[in-house]
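Visitor: Can you look at this prediction? I've put the sequence above it.
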Amino acid sequence: MNGKVWLVGAGPGDPDLLTLKAVKALNQAEVVMIDDLVNPAVLEHCPNARMIRVGKRGGCRSTPQAFIHRLMLRYARQGKCVARLKGGDPCIFGRGGEEADWLAERGIESELVNGITAGLAGATNCGIPLTLRGISRGVTLVTAHTQDDSTLNWQALAQSGTTLVIYMGVAKLADIHAGLLEGGMPSAMPVAMIENASLPHQRECRSTLGHMQADATAFELKSPAILVIGEVAATPAAIQMAQSA
Ligand code: SAH
């Protein structure tokens, strides 16, 4: 009989932010395939599992997606319970949906298990409410990095009236800055750049759209980081503004 694959979100780093469902899946797993950006501290929940690192950073050569697919399939066909552990949430820039589909096409059962995505954790840890009554009526999660190098609709993003949470943006600050300014966003728009969200070495740099590149350079901002762009990124000032409105 085939085994099962859990596509599990490991959260942003802090092991206390794992979901109970993720902990249960890790407990049952016999094989754990570990992605980049997963804090090794979460592996205490699967002490007896076989661990396979399939990350693309940390000096390792990139593990091709096709290889990861085949590995999941092989263990599932051996009847094993496999946990595919991904940073944050498996369905936010995490290929969770693609992998679930691929497994389903081959008759392998899978289950997606939520994790807290880095953008939400980073903002909350810095005291930034991503939505705020009277100030921000929504949130847009967006990646600055596209596989085909196609450009984003910056104008729509700049004028959406929502808080923008940008993933994979560190190497794309120039594009983000230019795109949003051209799209009509004021250069005074507050920006928070949050590195290693929820980890003990989390750092945050507050800036504005106009100054974000210079400030990021001075701060030596490094990946992984998320950018929060919108009035709420000036919290606590944004909260005072909302209260007096
Ligand atoms: N599935 C993940 C996102 C993977 S894409 C999630 O839901 O969080 C990788 C990007 O996520 C990084 O480039 C960075 O923008 C962001 N990221 C992941 N972990 C992070 C962390 N601890 N702090 C800040 N950004 C993080």
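Guide: On my side now, so go ahead.
Visitor: contacting residues around the spatially most central residue of the chain?
Guide: Centroid-nearest residue in the chain: residue 118, 4.2 Å away (criterion: C-alpha atoms, centre = their mean). For residue 118, the contact set (C-beta atoms under 8 Å, 6 or more residues apart in numbering) comprises 12, 37, 87, 88, 167, 197, 198, 224, 226. For the C-beta atoms, the positions are set from N, CA and C on the backbone; glycine is no exception.
Visitor: Residue 195 now?
Guide: For residue 195, the contacting residues are 202, 203, 204, 205, 221, 222, 223, 224, 225, by C-beta under 8 Å, 6+ apart.
Visitor: again, only using 7 Å
Guide: Residues near residue 195 by C-beta atoms under 7 Å, 6 or more residues apart in numbering: 202, 203, 221, 222, 225.
Visitor: And the strands in the protein?
Guide: Using DSSP state E, the strands of the chain run over 4-9, 31-34, 50-53, 81-86, 109-113, 139-143, 163-167, 190-195, 203-208, 225-229.
Visitor: Can I get those strands in CSV including mean pLDDT and distance to residue 241?
Guide: Shown next, in CSV, are these (pLDDT from 0 to 100; distance: least, C-beta to C-beta, whole Å):
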stretch, mean pLDDT, distance to residue 241
strand 4-9, 98, 33
strand 31-34, 96, 43
strand 50-53, 95, 46
strand 81-86, 97, 37
strand 109-113, 98, 38
strand 139-143, 97, 18
strand 163-167, 98, 14
strand 190-195, 98, 11
strand 203-208, 98, 15
strand 225-229, 98, 16
